[in-house]
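1. okay, predicted coordinates and the sequence, questions at the end:
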Amino acid sequence: MNDAYIADFARSAFTRAHPRKPDVDAWSGQRGDVLLGQVIDALLDRTRVPGTAIEDLSVGCALPVKDQWSFGGRYPQWLSEVGVQCPSRQIDQQCGSGLAALRSTAREIQAGAIETGLAGGYENMSRVPMGPTLFQEGVLTVPEPLQQQEGIDLTVAMNMGLTAECLARESGLTREAMDAFAVRSHERAARAEQDGWFDGERLTLRNPAGALVGQDANIRPDTSAERLAELKPAFSEDGQVTAGNSSPLTSGAGAALLMSEASLSRHGLSPLARIVAIADCGVTPECMGAGAAVAAERALKLAGMSAGDIDAWEINEAFSAVPLYAMRSLDIDSERVNIFGGALALGHPLGATGIRLAGTLARTLQHRGGRYGCAAACIGGGQGIAVILERC
């Protein structure tokens, strides 16, 4: 099997989405596929790789409906400099869609079918809101036989906030612990922003109104435990999950350039990281947040490694409960997790998040000199996905 490498990675700024108040979202006027096209072109320009050299494009999107339907990934391709000869696909594995896109293109390289490919993802959660609205509109449906299925509580399984409540309750996570983790995420992201860390991955792009968008809009440097303690439960009257310990609605896009060793040499590029292993899993849908830990465990087993071998972790902060559960179940040192903050502060544009997790992880390994890193995400519907990277 050939080795697949992440040669480079870039993303848009992540903006605060609001379907009912589009004016607060700098990307509300921009289709997700158009935004991804901008990111791809900037990435190709930065690496000086011609679009005609791209042999494969995989696009992640958690809700590929309405204007996020991309004709099998063709729209982002046609909206970028990627040549028409390049095959494409659009992948929906919910919050794992970006990592699933990375896996798809990486496996093409590992199989020897291609040498140069792109994995991308996008979500505009102002233009295409979360599931409840789409179910009300009839855009998304649930088959009647499934509604009568025993053993699955759809009321919980299809409400991500309630699944977080389930995970917190079953694993004994307290409101104080989840709020404290959220404060830490904002503090770390704010410090990284001040230090210019995100400038190495975040692009400044122009929106349809002509404004330059280059700052992540969800980081709140003034977040405190006292402020978060004042928030009411968001999903259950007696619950512990609030808007403060949940990731915000977000719009954004990201792309990673993947190459074989021969392609890297041909284009004169030095890679960020080698892809060691990728694994996904299924878990109970009512506690889907456990999926990140289970997938990481599977990826470690594939690689013949243990959690102690990992120098840096990117565990998606869909809710505070997700990384807290993973840290506890895998016995992970918290100082190695989400070193520059996570989705609680940066935001969670569903289809793009996996690309950010892997790309940020690769950059973190380069920055801190660690050898191995693991990026993992839970997935709505009861799944998880994880990738292990080795610094080059």
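-> Perfect, thanks for sending it.

2. for the spatially most central residue of the chain, what are its contacts?
-> Per Cα atoms, centre = their mean, the C-alpha nearest to the average position across the chain is that of Thr353, at 1.6 Å. Counting by Cβ atoms under 8 Å, 6 or more residues apart in numbering, Thr353 touches 95, 98, 121, 316, 343, 377. No exception for glycine: its C-beta is placed from N, CA and C like everyone else's.

3. again, but for Ala321
-> Listed by Cβ under 8 Å, 6+ apart, the contact partners of Ala321 are 164, 167-168, 171, 173, 178, 241, 245, 289.

4. if we go to 6 Å?
-> With Cβ atoms under 6 Å, 6 or more residues apart in numbering as the criterion, the residues that contact Ala321 are 164, 167-168, 173, 289.

5. now do Gly354
-> Applying Cβ under 6 Å, 6+ apart, one finds that Gly354 lies in contact with 96, 98-99, 377.

6. among those, who's most crowded?
-> Each of those was scored by neighbours using other Cβ atoms under 10 Å; the highest score is Gly98's, at 39 neighbours.

7. that residue against Gly121, yeah?
-> Yes. Judged on Cβ atoms under 6 Å, Gly98 makes contact with Gly121 at a distance of 3.6 Å.

8. any shared contact partners between those two?
-> Residues touching both Gly98 and Gly121 comprise 60, 351-352, 355, with contact defined as Cβ under 6 Å, 6+ apart.

9. out of the contacts of Thr353, the closest to Leu302 would be?
-> Checking the contacts of Thr353 against Leu302 by Cβ to Cβ gives Ala377 as the nearest, at 16.9 Å.

10. give me the phi and psi angles of that closest one.
-> Per-residue torsions, Ala377: phi -140, psi 140 (degrees, to the nearest 10).

11. could you check the pLDDT of the residue lying closest to it once chain neighbours are set aside?
-> Closest residue to Ala377 in three dimensions, ignoring its sequence neighbours and counting by Cβ to Cβ, 6 or more residues apart in numbering: Asn316, at 3.9 Å. Per-residue confidence at Asn316 stands at 98 (pLDDT).

12. helices along the stretch 51-200 of the chain, start to end?
-> With DSSP state H, counting those that start in this stretch, the ranges of helices along the stretch 51-200 of the chain come out as 74-78, 97-110, 131-137, 144-147, 154-157, 160-171, 175-194.

13. relative to Glu261, which of those is closest?
-> Ranking the helices of the stretch 51-200 of the chain by their distance to Glu261 (criterion: Cβ to Cβ) puts helix 97-110 first, at 9.6 Å.

14. about what we covered before: just the buried ones from the contacts of Ala321?
-> Neighbour-count burial within those applies to 164, 167-168, 173, 289; the criterion is 16 or more other Cβ atoms under 10 Å.

15. now, among those residues, which is nearest to Trp78?
-> So of those, ranked by how close each gets to Trp78 (Cβ to Cβ), first place is Gly289, at 36.6 Å.

16. quick one: the closest one from Leu162, how far?
-> Per Cβ to Cβ, to the nearest Å, Gly289 is found 11 Å from Leu162.

17. ok, back up a step: nearest to Gln110, of the contacts of Ala321?
-> The shortest separation between Gln110 and any of these is 29.5 Å, and it belongs to Gly289 (by Cβ to Cβ).

18. picking up where we left off before, of the contacts of Thr353, closest to Ile388?
-> Ala377 (13.7 Å).

19. hey, where'd the strands end up in this structure?
-> Assigned by DSSP state E, the strands in the chain fall at 5-11, 15-16, 57-60, 88-91, 116-124, 205-206, 212-213, 250-259, 273-282, 312-315, 372-379, 383-391.

20. which of these sits closest to Trp69?
-> Closest to Trp69 of the strands of the chain is strand 88-91 (Cβ to Cβ; 7.8 Å).

21. and the residue nearest to Ala377, what does it touch?
-> Applying Cβ under 6 Å, 6+ apart to Asn316 gives the contacts 343, 353, 377.

22. count of residues packed around the closest residue to Arg11 other than its chain neighbours?
-> Across the structure, with Cβ to Cβ, 6+ apart as the measure, the residue nearest Arg11 apart from its sequence neighbours is Gly254 (3.6 Å). One way to gauge burial is a neighbour count; for Gly254, by other Cβ under 10 Å, it gives 35.

23. Gly254 contacts Ile355, correct?
-> Yes. The pair Gly254 and Ile355 qualifies as a contact (Cβ under 6 Å) at a distance of 3.6 Å.

24. intersection of neighbour lists for these two?
-> Common neighbours of Gly254 and Ile355 (Cβ under 6 Å, 6+ apart) are Gly121.

25. got phi/psi on Pro129?
-> When quoted as degrees, to the nearest 10, the phi and psi of Pro129 stand at phi -70, psi 180.

26. kindly provide the distance from it to Ala62.
-> With the distance defined as Cβ to Cβ, Pro129 ends up 12 Å from Ala62.

27. sorry, back to before: which one of the contacts of Ala321 is nearest Ser224?
-> Checking the contacts of Ala321 against Ser224 with Cβ to Cβ, the nearest one is Leu173 at 19.8 Å.

28. for the closest residue to Ala209 other than its chain neighbours, grab the count of nearby residues.
-> Once flanking residues are discounted, Ala209 sits nearest to Gly29: 6.1 Å by Cβ to Cβ, 6+ apart. Using other Cβ under 10 Å as the criterion, Gly29 is surrounded by 16 other residues.

29. hmm, Gly29 is touching Pro208, no?
-> Yes. Gly29 sits in contact with Pro208 when judged by Cβ under 6 Å, with a separation of 4.3 Å.
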